[in-house]
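Asks: Structure for the following, please:
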Amino acid sequence: MGLRAKLSLVIMGMSMLVATVLSLLVHTRTAVVTLDSARRGLDAELTSTLVRHQEGQDTPLATGDVPAPLAAALGEGTRATYLQDGATLWAATRVDGQTLSLRRSYEAENAELARLDRILLGSGLAAALFASGVGLMVAGGLSSRIRAVARTAAHIAEGDLSARVEARGRDEIAAVGSALDQMGDAVLAGLEAERRVTADIAHELRTPVAGLVTAAGLLPSGRPAELVRDSAATLRRLVEDILEVARLDASAETPVREVRSSGALA
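Replies: Residues are numbered from 1 along each chain as shown. All right, here's what the predicted structure looks like:
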């Protein structure tokens, strides 16, 4: 798996994690606020209904049993609310030893929370897709820049010392590219200095070697003279070869290539 894919997956995973955490926080807070508002509303309805009940009016107050947690929370003259199984909201009070209660369905609030969850889910998925797209673009840019640095390094390793990254920016990749360019400049400068030194040495040796060859040709015939002449000729060829290599390295001359059969060469 390449760097581009890894960065895209990491960014997508982080965006989904953040979206999930935010969705949970929003859901939890909304559920708490919704339940608190429903409790206060039903408690206010219970209070107004008690007034009508005491005036002898017909009211929807029930006198039957209430859920055990709600009954345990009631005292004489006190009111309490209780959400039963997330589906039914109760409000009750105790008057003259009698438990009076109201209840209503909590399905409307549950439906609203479900709608909110769907909105959060859709928003989270959209944000994750958007973040993954942005991450893919960012990772693609980083990957292409890294590949450019790698290609330049490969060209330098193959002998193309003129290859450069020419990186822009101030990030780590730009620093690596700039360091690679500086290395290429240093290597090229070193090789140029070596070529100049080699060419200068060969050029300086050319005149005395030519004089040595000429002087060797004037020696009287004999085995010692032949050895001197052979050594002088060998030294002359070596100097000429060094000069030719220096000219080729400096691109002063271009080698002529011809296709020959291997049999003829052998």
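Asks: what's in contact with stretch 198-208?
Replies: The list of residues contacting stretch 198-208 from outside it, by C-beta atoms under 8 Å, 6 or more residues apart in numbering, reads V239, E240, I242, L243, V245, A246, R247, A250. Quick note: C-beta positions are derived from backbone N, CA and C, even for glycine.
Asks: again, but for stretch 37-45
Replies: Residues from elsewhere that reach stretch 37-45, judged by C-beta under 8 Å, 6+ apart: R79, T81, L83, L89, W90, A91, L102, R104, Y106, E109.
Asks: Contacts for stretch 171-188, please.
Replies: Where contact means C-beta under 8 Å, 6+ apart, the residues beyond stretch 171-188 that reach it are 142, 145-146, 148-149, 152-153, 156, 161-168.
Asks: Any of the residues you listed buried? List them.
Replies: Of the members of those, the ones counted as buried by neighbours, 16 or more other C-beta atoms under 10 Å, are L142, R145, I146, V149, T152, A153, I156, L161, A163, R164, V165, A167.
Asks: Stretch 88-97 - what's its average pLDDT?
Replies: For stretch 88-97, the mean per-residue pLDDT is 86.
Asks: thinking again about what came up before, in strands, which of the contacts of stretch 37-45 appear?
Replies: The subset of these located in strands under the criterion DSSP state E comprises R79, T81, L83, L89, W90, A91, L102, R104.
Asks: Go through the contacts of stretch 171-188 and name the one nearest P67.
Replies: Of all the contacts of stretch 171-188, the one with the least separation from P67 (C-beta to C-beta) is L142, at 59.7 Å.
Asks: so where do the strands sit in this protein?
Replies: 79-84, 88-95, 98-105.
Asks: So which of the buried ones among the contacts of stretch 171-188 belong to helices?
Replies: In helices, defined here by DSSP state H, the members of these are L142, R145, I146, V149, T152, A153, I156.
Asks: want to throw those residues into a markdown table with distance to V209 and pLDDT?
Replies: Converted to a markdown table, these look like this (distance: C-beta to C-beta, whole Å; pLDDT from 0 to 100):
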| residue | distance to V209 | pLDDT |
| --- | --- | --- |
| L142 | 58 | 79 |
| R145 | 53 | 81 |
| I146 | 52 | 82 |
| V149 | 47 | 85 |
| T152 | 42 | 87 |
| A153 | 41 | 86 |
| I156 | 36 | 82 |
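Asks: ok, back up a step: adding distance to R118, neighbour count and pLDDT, write the contacts of stretch 198-208 out as a markdown table.
Replies: Shown next, in a markdown table, are the contacts of stretch 198-208 (distance: C-beta to C-beta, whole Å; neighbours: other C-beta atoms under 10 Å; pLDDT from 0 to 100):
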| residue | distance to R118 | neighbour count | pLDDT |
| --- | --- | --- | --- |
| V239 | 88 | 20 | 78 |
| E240 | 87 | 13 | 79 |
| I242 | 82 | 17 | 77 |
| L243 | 83 | 17 | 75 |
| V245 | 77 | 14 | 75 |
| A246 | 78 | 21 | 71 |
| R247 | 78 | 15 | 71 |
| A250 | 74 | 12 | 63 |
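Asks: a markdown table please, covering the residues you listed and showing distance to P67.
Replies: Conversion of these to a markdown table gives the following (distance: C-beta to C-beta, whole Å):
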| residue | distance to P67 |
| --- | --- |
| V239 | 111 |
| E240 | 111 |
| I242 | 105 |
| L243 | 107 |
| V245 | 101 |
| A246 | 102 |
| R247 | 103 |
| A250 | 99 |
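Asks: Of those, which belong to helices?
Replies: With helices taken from DSSP H, the overlap with the contacts of stretch 198-208 comprises V239, E240, I242, L243, V245, A246, R247.
Asks: how about these in a markdown table, adding distance to L205?
Replies: Rendered in a markdown table, the data for the ones in helices among the contacts of stretch 198-208 read as follows (distance: C-beta to C-beta, whole Å):
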| residue | distance to L205 |
| --- | --- |
| V239 | 5 |
| E240 | 10 |
| I242 | 8 |
| L243 | 9 |
| V245 | 14 |
| A246 | 12 |
| R247 | 15 |
